[in-house]
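Peer 1: Predicted model follows, preceded by the sequence.
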Amino acid sequence: MSTQPSDRHSALGRTALDADERARAAVNFVPYVTQALVADGRFEVTADTLELVELFQDVAGRVGSVMQRPVVTYANGEVVVITFDPREPLESGS
């Protein structure tokens, strides 16, 4: 019996998402992240693996497409923040 982690396991013992799981996760997070951006102007999530950072970068791109507004992600190795692009002017209601 081997004690080495398989290719699907990270150092923390988590199982990596397969392509289908990753695609479904991205699609399912879009409404939640969109709602958070509308309500608070930002969404923050713990993302302590490259896989999660990449997942939420994908989510951010999808949210920007849905909202037809540029969004950006900031990641520091522990947290990913998704927010509106500060270089984009806010649309005026008038």
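Peer 2: That came through, no problem.

Peer 1: Got the phi and psi for residue 46?
Peer 2: The phi and psi values for residue 46, taken as degrees, to the nearest 10, are phi -70, psi 130.

Peer 1: quick one: it and residue 78 touch, right?
Peer 2: Yes: contact criterion C-beta atoms under 8 Å: residue 46 and residue 78 qualify, at 6.5 Å. Where you see a C-beta, it was placed from the backbone N, CA and C, and this is true even at glycine.

Peer 1: Residue 62: what's its closest spatial neighbour, skipping adjacent residues?
Peer 2: Counting by C-beta to C-beta, 6 or more residues apart in numbering, residue 62 lies nearest to residue 30, which is 5.0 Å off, once chain neighbours are set aside.

Peer 1: biggest helix in this protein by residues?
Peer 2: For the chain, the helix that runs over the most residues, judged by DSSP state H, is helix 19-40.

Peer 1: avg pLDDT for that helix?
Peer 2: Mean per-residue pLDDT for helix 19-40: 96.
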